[in-house]
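[1] Dropping the sequence and predicted coords here.
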Amino acid sequence: VQLQACGGGLVQAGGSLRLSCAASGRTFSGYGMGWFRQAPGKERESVAAISYSGGSTYYSDSVKGRFTISRDNAKNAVYLQMNSLKPEDTALYYCAAGSSIAAVSRWGDYWGQGTQVTVSS
């Protein structure tokens, strides 16, 4: 499956952004989907994940209550709504696909290119 992420940008602290990831190739609905981020000098970390049906979600403690992951299987797309953004959310954000929500909450089998999110204080 091929993934294409977009929607990053520069936003002030407290603002919002919505990331989108479009998928093509293999059956999208069969994959768990996730978002990861990597800040300069830091390891890539899992942010959120969603099951193939959309019925289950996972969030890291650092974004819980502020970020919402969703998917539209008819459009082969997954989204990350990011609210109340903080400077520490600044990172390159990647979408990923995996065999299940459990798997993709740890690491992806397929990766999109990153989209940069910068939050100014």
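    All right, it came through fine.

[2] Which of the helices or strands spans the residue positioned nearest the centre of the chain?
    In the chain, the residue lying closest to the centroid (CA atoms, centre = their mean) is residue 35, at 2.4 Å. For residue 35, the host element (DSSP states H and E) is strand 32-38.

[3] That strand - what's its average pLDDT?
    In this model, strand 32-38 has a mean pLDDT of 97.

[4] which residues touch the residue nearest to the centre of the chain?
    Contact partners of residue 35, counting by CB atoms under 8 Å, 6 or more residues apart in numbering, are 19, 21, 46-49, 69, 78, 80, 93-96. In short, each C-beta sits where N, CA and C put it, glycine included.

[5] hang on, the earlier thing: following element in sequence after the strand holding residue 35, please.
    strand 45-50.

[6] Dump the C-alpha coordinates for that following strand into PDB.
    Output in PDB follows, covering the C-alpha atoms of strand 45-50 (Å, rounded to 0.1, in the frame of the first residue of the first chain):
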ATOM      1  CA  GLU A  45       7.200   7.700  18.400                       C
ATOM      2  CA  SER A  46       3.700   6.400  18.000                       C
ATOM      3  CA  VAL A  47       1.000   9.100  18.400                       C
ATOM      4  CA  ALA A  48      -2.300   7.400  17.500                       C
ATOM      5  CA  ALA A  49      -3.700   4.300  15.800                       C
ATOM      6  CA  ILE A  50      -7.000   3.100  14.600                       C
END
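
[7] got the angle for that strand vs strand 32-38?
    Angle of strand 45-50 versus strand 32-38, following axes from the mean of the first three to the mean of the last three CA atoms, to 10 degrees, is 160 degrees.

[8] From the contact counts, what lies against the helix or strand following strand 45-50?
    Beyond strand 45-50 on the C-terminal side, the first helix or strand identified by DSSP H and E is strand 57-59. Secondary-structure packing of strand 57-59 (3 or more CB pairs under 8 Å, 6 or more residues apart in numbering; DSSP states H and E): strand 45-50, strand 67-72.
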